[in-house]
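S.K.: sharing a model that was predicted from the sequence below.
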Amino acid sequence: MIWNRPSIFLFCLATSCCAAAQTLSYKLDLAAHTGTHFSQNGLCSNRPFASDAKIWTAMARISISLPSGDTQLIANFPYFTVSGESNTFHIIVSAAAKDTGELSVAGRNYPVQFVAGVDQVSLQISKLTFSELGDAIDALASNGAKVESLFNDAQLELTEYKVEFSDSTGKIAPTPTDALLALLNGIDPSSPATAKSIFTQRMGSLLSGSAKFVVPNLGDHPNETLELKAVTAKSYRAKDVSLDATSASAVKQDIKSLSGVTPPSSSGVPTIFLVEQPCFNVSLAPTLSAGQTNMAATFQGRYDYFSGMGKAYLKLRGDGDVSNSNTYFQRVAGTADAAGNWKRSGFLTSAGGSGAVSLSRMMSSTLYEWNATGKAQVQLPTLLFGTLPGSSTNPVIAVEAGGIGGNNGTTRASDFLGKVSFTYSARANTRITFDINGNAGFSNDARFNKKKNFSYALAQARFSLSKDWDYLMKYECGEKSPDYRKVCGWQSGITAVVGR
Amino acid sequence: MADLNQLGDIITKFAKSTHQFITPNQLSDPIQPSPSSLASDQFNQFFFDLLNALTDANVSANIPMEGLKGCRTWRDVVVLIFHFEN
């Protein structure tokens, strides 16, 4: 290619006069709140711990990328120096005209707040459980346009100021960071509205003249007084900012790693774990089993008592199945587990005792069975698939051994019981959840409907319709206490799921 | 409840007490090793240690994980907390 001289001149002029500009983006983040929120009551426990502690926040904050030559003064925030300028720094101040919005995820609505800090506004969805945090992050991460439209609806405005600074005493050579920190010095951000107001007043005084501020103790020249003045350099709107996709994937990985994390024992933060079943669920839906269609109702519920740091627990569980036909289960059961918890390398191990009672009414007679076992349980350290947390999304395996007795229609004897069980839920996305669980047991006597062993397995898919309602498609097959009649069949219908 | 000076004091104390990092001389020193280079277990420990230190100091704040990972100096940590106090 042959270039003539005017072309070269114009090219050089263009490259020299129009240096690459900084670019703004929204970075997704998750935040945890300081404080003692772990000690509050959970929905279905006396202490919530991580899975239903409402300490989490999904966040989108404004970030900046700078061309080479420009320098960011403080990580994470749009404070920078521009190549070729001296005794100046630039600050991009963000503000929103509205302070609320709404995010809809899988039929659930989350209130969005545009939180105006000292000089920056961020989108925050706060007071979330860990499961809700996963949903909110997923919704924001998978749809950059949604984040952008929320900021656009809030009428985001960004203003870049060029701030000049000097040492009024002439004793030192202040750095741009000194000047930036002096501008923020003395503001207490714990009252955001007051802090924002003070900062706005300060910028007003810099734009109309100059003002003096003292460098705080984290500057390079603490306690020195600097004189600052400012001009408006540039304005931006929401349309100039887009979602940083790399931050979206990074924050999803953070959620995945947090689900298996073991906080240091010195920190006073309880072990984080996901509870192995929702707080409460009930369904009333048709079943198809043994070639017959009938109505069946099933329910499960729990309440958990944890010690202060979650290292010991008493877990109470109840479940039942009723139908207008004997081709389906007809029973209720309750269990109580008392155990200690240990978390090592992300594996949450529990060991203790378990007791259970189940009842069934067959042919005008009441059948019942009890068992008392030693129980060991391990919850695996990570979400097996995906990055959406929820109850049982870290698989749980339990082994029990002990005694079993009662009048279950086959025997009134007391025998040995060995049992293993498995629970796992995979959340394909914020709408669809797959649950599988099963158990198998054996005894020294043929007490399980004249057999020495029994097994039960369930696989179901749930489609979230709204906050507490799912559409259910379930297949189950096997025997349940106390009568161990074998039932195999489908159930399909609406189910209420509270405390996922 | 805490301005930059007070947060600086809290983080100075925290930075010197955590055995995970090289003790800094001042807040403008780099965090060594840098949070972004830590394995996820180590970083999570840093995150929860910081949450606990702030709780002990009665600082009410939302601490962003990725924001913390992006901090290069202890001063960056102070300014991060400063922006998310509430």
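M.R.: Nice, I can see it. Numbers count the residues shown, from 1 in each chain, chains lettered A, B, ... in the order given.
S.K.: which other helices and strands does the longest helix belonging to chain B contact?
M.R.: Ranked by residue count under DSSP state H, the longest helix found in chain B is helix B:40-56. Helix B:40-56 sits against helix A:245-258, helix B:4-17, strand B:62-64, helix B:65-69, with contacts defined as 3 or more CB pairs under 8 Å, 6 or more residues apart in numbering or on different chains; DSSP states H and E. Every C-beta, even on glycine, is put in place using the N, C-alpha and C of the backbone.
S.K.: winner for burial among these?
M.R.: Comparing those by mean neighbour count (mean count of other CB atoms under 10 Å in any protein chain shown), strand B:62-64 ranks first with a mean of 25.
S.K.: make JSON lines out of the helices and strands packed on helix B:40-56 and add mean pLDDT and distance to residue A:331.
M.R.: Converted to JSON lines, these look like this (pLDDT from 0 to 100; distance: least, CB to CB, whole Å):
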{"stretch": "helix A:245-258", "mean pLDDT": "87", "distance to residue A:331": "37"}
{"stretch": "helix B:4-17", "mean pLDDT": "94", "distance to residue A:331": "55"}
{"stretch": "strand B:62-64", "mean pLDDT": "94", "distance to residue A:331": "47"}
{"stretch": "helix B:65-69", "mean pLDDT": "96", "distance to residue A:331": "45"}
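S.K.: for residue A:71, find the nearest of those.
M.R.: Shortest distance between residue A:71 and those, using CB to CB, is found for helix B:65-69: 19.0 Å.
S.K.: what's the angle from the next helix or strand after the closest one to helix B:4-17?
M.R.: Going down the chain from helix B:65-69, the next helix or strand is helix B:74-83, by DSSP states H and E. On the basis of axes from the mean of the first three to the mean of the last three CA atoms, to 10 degrees, helix B:74-83 is oriented at 130 degrees to helix B:4-17.
S.K.: how far away from the center of its chain is helix B:74-83?
M.R.: In terms of CA atoms, centre = their mean, to the nearest Å, the centre of helix B:74-83 is found 7 Å from the chain centre.
S.K.: and residue 63, what does it touch?
M.R.: Answering for chain A, as no chain was given. A:24-27, A:76, A:78, A:244, A:247 (CB atoms under 8 Å, 6 or more residues apart in numbering or on different chains).
S.K.: my question was about chain B
M.R.: Here residue B:63 is in contact with A:31-34, B:47, B:50-51, B:54, B:80-81, B:84 (CB under 8 Å, 6+ apart).
S.K.: list the beta-bridge partners for it.
M.R.: Here residue B:63 sits in beta bridges with residue A:32, going by DSSP bridges.
S.K.: got the phi/psi numbers for the residue sitting nearest the centre point of chain A?
M.R.: Taking CA atoms, centre = their mean, the centroid of chain A lies closest to residue A:133, which sits 2.8 Å from it. Residue A:133 adopts backbone torsions of phi -60, psi -40, taken as degrees, to the nearest 10.
S.K.: excluding residues flanking it in the chain, which one is nearest it?
M.R.: Distances taken as CB to CB, 6 or more residues apart in numbering or on different chains put residue A:56 closest to residue A:133, at 4.0 Å, once the chain neighbours are dropped.
S.K.: looking at it, that neighbour is touching residue A:134, isn't it?
M.R.: No: with contact defined as CB atoms under 8 Å, residue A:56 does not reach residue A:134; the gap is 9.1 Å.
S.K.: residues contacting the residue nearest to the centre of chain A?
M.R.: Counting by CB under 8 Å, 6+ apart, residue A:133 makes contact with A:30, A:56-58, A:255, A:389.
S.K.: repeat for residue A:66
M.R.: With CB under 8 Å, 6+ apart, residue A:66 has these contacts: A:22, A:72, A:80.
S.K.: of those residues, closest to residue A:442?
M.R.: Relative to residue A:442, the closest of these is residue A:72; by CB to CB it sits at 64.5 Å.
S.K.: what number of residues lie near the closest residue to that closest one other than its chain neighbours?
M.R.: Nearest residue to residue A:72, sequence neighbours excluded (CB to CB, 6+ apart): residue A:80, at 5.0 Å. Residue A:80 sits with 20 neighbouring residues when counted by other CB atoms under 10 Å in any protein chain shown.
S.K.: hang on, residue A:80 in a strand?
M.R.: Yes: assigned with DSSP: H, G, I helix; E, B strand; the rest coil, residue A:80 falls within a strand.
S.K.: if I read this right, it contacts residue A:22, doesn't it?
M.R.: Yes: counting by CB under 8 Å, residue A:22 is a contact partner of residue A:80 at 7.0 Å.
S.K.: any common contacting residues for those two?
M.R.: Listed as contacting both residue A:80 and residue A:22 by CB under 8 Å, 6+ apart are A:64, A:66, A:70.
S.K.: select from those every entry located in strands.
M.R.: Mapping the shared contacts of residue A:80 and residue A:22 onto strands (DSSP state E) picks out residue A:64.
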